[in-house]
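*Asks:* quick one: sequence and predicted model below, then my questions.
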Amino acid sequence: MTPRRAALLREMGLTPLWRLRAADGDGAVDAANIAASAPAVVDNPKRESADGRIAAPREPLMPVAATARVNDSPATVSPVAGGAPQIAALDWPALEETILACRACPLCERRTQAVPGVGDRGARWMFVGEGPGAEEDRRGEPFVGQAGKLLDNMLAALGLKRGEDVYIANAVKCRPPHNRTPEAAEIAACLPYLDRQIKLVRPRLLIALGRPAAQALLGREISIAAARGKRFEHAGVAVTVTYHPAYLLRNPLDKGKAWEDLCFARRLMAEGN
């Protein structure tokens, strides 16, 4: 354990330092001690229940394909003329231009700007969040502010860095009013954009940060608590889920669980998914 890595884990609230169990060889984390300190004010709050759960799944949760899509989006929603087939043919410049000009759902009416995504366009790791907050809406970049700092620390604990072998995007590209949870129709309207980003990046692993991101990638409502530690798929790409950094700022006792999830993601990547 290097001093720099120890400092990063302390920033994540993971002190005393976590020890990987060597006996069973599965990389599980000994969660005997968890730090309870976290910033009292978060500039990008996300609404999640105390245990990170949402409504019960509509069908048994299986750690396999996620070919389904959100079912309850209105048929009238179309991100651009031509809809998803046209988006699926766009290159990076055209895709980002289309996202910035999108008027597909009411979220566009109160945004400062759409937030397409940021990072390495050939990354092996792709992190998908919920949607822009107030600061993201102002700056045009996902995961800034306190939640962004925590995500950067999570990346550093994995030996990663924003912009290097990492691409970051959101399930919806415009800020929901008052940072509320995106609605199913809003997620559905943005899904062709996210699908195209995934196709262009061609990551080896997708990490869903929070339930709306998991819903977008898995095509159904899920319980984060039940989905943790499982491998899913989206369009042939491995998917794993964990808590959103903003949720962790409000619920620091779950930071240990998030660290377990990162260790699981690292094993998936090392094993070739």
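*Replies:* Received it, and whenever you're ready, just let me know what you need.

*Asks:* what's the first-to-last distance across stretch 204-212?
*Replies:* One end of stretch 204-212 sits 21 Å from the other (Cα to Cα, to the nearest Å).

*Asks:* check stretch 125-144 too.
*Replies:* Terminal residues of stretch 125-144 lie 19 Å apart, using Cα to Cα.

*Asks:* what residues sit buried inside that stretch?
*Replies:* Buried residues in stretch 125-144, counting neighbours by 16 or more other Cβ atoms under 10 Å, are found at 125-137, 141-144. The way it works is simple: take the backbone N, C-alpha and C, and place the C-beta from them, glycine included.

*Asks:* now, which of the residues you listed lie within strands?
*Replies:* Judged by DSSP state E, the buried residues of stretch 125-144 include 125-129 as members of strands.

*Asks:* wasn't A169 part of a strand?
*Replies:* Yes: A169: assigned to a strand according to DSSP: H, G, I helix; E, B strand; the rest coil.

*Asks:* tally of neighbours for it?
*Replies:* Using other Cβ atoms under 10 Å, A169 has 24 neighbouring residues.

*Asks:* bridging residues for it?
*Replies:* Judged by DSSP bridges, the bridge partners of A169 are G117, V128.

*Asks:* so it makes contact with L194?
*Replies:* Yes: the pair A169 / L194 is scored as a contact, 6.3 Å apart, by Cβ atoms under 8 Å.

*Asks:* which residues do the two both contact?
*Replies:* Both A169 and L194 are contacted by V128, under the criterion Cβ atoms under 8 Å, 6 or more residues apart in numbering.

*Asks:* quick one: the strands in the stretch 151-273 of the chain?
*Replies:* Applying DSSP state E, counting those that start in this stretch to the stretch 151-273 of the chain gives strands spanning 166-170, 205-209, 232-234, 237-242.

*Asks:* okay, these, which one's buried deepest?
*Replies:* The highest average neighbour count among these, using mean count of other Cβ atoms under 10 Å, belongs to strand 205-209 at a mean of 27.

*Asks:* how near is G210 to G145?
*Replies:* G210 is 15 Å from G145, where distance means Cβ to Cβ, to the nearest Å.

*Asks:* of the two, who's got more company?
*Replies:* The neighbour comparison of G210 against G145 (other Cβ under 10 Å) goes to G210, with 27 against 18.

*Asks:* what's the closest non-adjacent residue to the more buried one?
*Replies:* Leaving out its chain neighbours, the residue that sits closest to G210 by Cβ to Cβ, 6 or more residues apart in numbering is H244, at 3.2 Å.

*Asks:* where does that neighbour fall, phi/psi-wise?
*Replies:* Backbone torsions of H244, given as degrees, to the nearest 10, read phi -70, psi 140.

*Asks:* between the two ends of stretch 231-238, how far is it?
*Replies:* For stretch 231-238, the first-to-last residue distance is 7 Å (Cα to Cα).
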